[in-house]
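> Let me see the structure of the following:
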Amino acid sequence: MKRRGLALEVADILSWECHEKLRHELMSSWARRQPQGYATLTIGQVRRADEVAFTILAKLTCAGIKKQGGVRPMDACVEKVLGHRDFNLALQPLPGRGAAEQPAESGKRGLADESQAELSRHQRRKAAKLAAKLKQAAAAGQGSSGGGPPLQAALPPGPVRKGDGKGKTKATVSKLPLALRVDGAQATDAGGNPICFAFNLGGCPGAPPGGRCPKGRHVCVLKKCAQAAHGYGATHGGVAVQ
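Here you go, the predicted model:
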């Protein structure tokens, strides 16, 4: 740009001082620290602004660029170029990457929340259907030692939760079927023996209340109850699906 300024000065088209004003405005805009959320100017934007400046100069000097009365026509137009709307618009900073991606990220979070809500509704419906099937199977005598596969085999594994700080690393509630995952429920009794889930979901013909079938003891899964006379579904308001 300095070589260009010297060439224009030698050709008596534009003075060195006026060209330096234009060059200084371009370079200072390029080096200027932009407000938060906006990117610094690229050298491509500076080049584009320089092209816009000479396009404006060409329009303002349509009558000619030869010196008239000792004054160069382009010298008188440089100040107009520096204040021209198109020139200043070409030097405007563009939004930074963070500002441009923020709406997209918000949209992704919204879609993720909707997907999670739909998944939760699907899981509740699936758990309700599974609980109904288990009750029907228990009533028909299925799942006993003499017929059909164990009821627990059809149940999906539950989530593993961290211990409560009392030496337990995994909560026994992770082994419970979805229909029995309620507050205070446990998969084993105080002695560590497994509890029959079919007995708590409506009945198990494998053993009487208080007895033990191949799937476990016939006691209530609620820790505060643990009664042998009844299961959870028969006494505590039916099977609660969470």
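> Quick check: closest non-adjacent residue to residue 224.
Leaving out its chain neighbours, the residue that sits closest to residue 224 by CB to CB, 6 or more residues apart in numbering is residue 184, at 5.6 Å. In this view, the C-beta of every residue, glycine as well, is placed from N, C-alpha and C.
> Count residues in the vicinity of the one you found, would you?
11 (other CB atoms under 10 Å).
> can you tell me how far it sits from residue 223?
Distance, residue 184 to residue 223, by CB to CB, to the nearest Å: 5 Å.
> can I get the CA coordinates of stretch 132-139 in CSV?
Output of stretch 132-139 as CSV, limited to C-alpha atoms (Å, rounded to 0.1, in the frame of the first residue of the first chain):
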residue,chain,number,x,y,z
ALA,A,132,-49.9,-55.9,33.5
LYS,A,133,-48.4,-58.9,31.7
LEU,A,134,-46.6,-60.0,34.9
LYS,A,135,-49.8,-59.8,36.9
GLN,A,136,-51.6,-61.9,34.3
ALA,A,137,-48.8,-64.4,34.2
ALA,A,138,-48.7,-64.7,38.0
ALA,A,139,-52.5,-65.2,38.1
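> Let me see the mean pLDDT of that stretch.
Taken as a whole, stretch 132-139 has a mean pLDDT of 75.
> Which parts of it count as buried, going by neighbours?
Within stretch 132-139, the residues scored as buried using 16 or more other CB atoms under 10 Å are 134-135, 137-138.
> Between all of the residues you listed, which two are separated the most?
Across the buried residues of stretch 132-139, no pair lies farther apart than 135 and 137, at 7.3 Å, counting by CB to CB.
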